[in-house]
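1. Using only what follows, build the 3D model:
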Amino acid sequence: MNGFKEIAPSLIDDNFIKAIGTDWMLITAGDHVAHNTMTASWGGVGFMWNKPIAIAVIRPQRFTYEFTEREPMLTLSFLDEEYRQALTYCGTHSGRDENKISKAGLSVAFTDDDVPAISQARLVLECRKLYTDMLREENFLDKSIIEKWYPAKDYHKAYILEITHAYIKE
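-> Numbering: from 1, shown residues only. As a prediction, the model looks like this:
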């Protein structure tokens, strides 16, 4: 990716609780012809099955869900605070209705594996889907989560993703 340098995932020094939960990330999927992004503040990064992994969750009604389901790979893009307004825009507008990436003042770059990512990111995680499943009401041990976050029973689909490449802005 132009303007980025690849680093080993183990060398990333971000605090992902802050990077995802407070700073937010953009989940981007698709191809050169059609792609979309969405703001996410839930997920995680860790190590599983002897691989660096990320976990992303997407509700099926989100437009990005269609691209994520279709493609084997996606990216997670982390932006600096100066892009908070763009992150907010991408979280409150649908790509079904407009090119929200450009309307948010952002642009798309493609990884070496041709996966769309956000050019303005300081960190991009290119990920390959390993496992996915819908969150299910019967599997919640703490039922208060359902009451608080899923009153409409619109559960997320969870994706466990292998981090295949990590890029930092040069």
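2. ok, Phe110 touching Ser119?
-> No: at 9.7 Å, Phe110 does not count as touching Ser119 under the criterion of Cβ atoms under 8 Å. In this view, the C-beta of every residue, glycine as well, is placed from N, C-alpha and C.
3. Can you tell me the SS state at the residue nearest to the spatial centre of the chain?
-> The residue lying closest to the centre of the chain (Cα atoms, centre = their mean) is Ile27, at 2.5 Å. With DSSP: H, G, I helix; E, B strand; the rest coil as the basis, Ile27 sits in strand.
4. Please report how far it lies from Met38.
-> 5 Å (Cβ to Cβ, to the nearest Å).
5. next one: Asn139
-> The gap separating Asn139 from Met38 is 24 Å, by Cβ to Cβ.
6. between these two, who's got more neighbours?
-> Met38 (24 against 9; other Cβ atoms under 10 Å).
7. For the protein, which segments are assigned as helices?
-> In the chain, the helices defined using DSSP state H lie at 16-21, 63-70, 84-92, 100-103, 144-149.
8. what about those helices, which gets the closest to Met48?
-> Checking the helices of the chain against Met48 by Cβ to Cβ gives helix 16-21 as the closest, at 14.1 Å.
9. For the closest one, give the mean pLDDT please.
-> In this model, helix 16-21 has a mean pLDDT of 97.
10. Quick check: Glu71 touching His32?
-> No: using Cβ under 8 Å, Glu71 is not in contact with His32; the gap is 11.6 Å.
11. out of these two, which sits in the busier spot?
-> With neighbours defined as other Cβ under 10 Å, Glu71 and His32 compare such that Glu71 has more, 16 against 9.
12. So the residue nearest to the more buried one when sequence neighbours are not counted versus Phe63, what's the distance?
-> Leaving aside its sequence neighbours, Glu71 sits nearest to Ala29 (Cβ to Cβ, 6 or more residues apart in numbering; 5.2 Å). Using Cβ to Cβ, we find Ala29 at a distance of 10 Å from Phe63.
13. Neighbour count: these two, which is higher?
-> Neighbour count, other Cβ under 10 Å: between Ala29 and Phe63, Ala29 has more, with 27 against 17.
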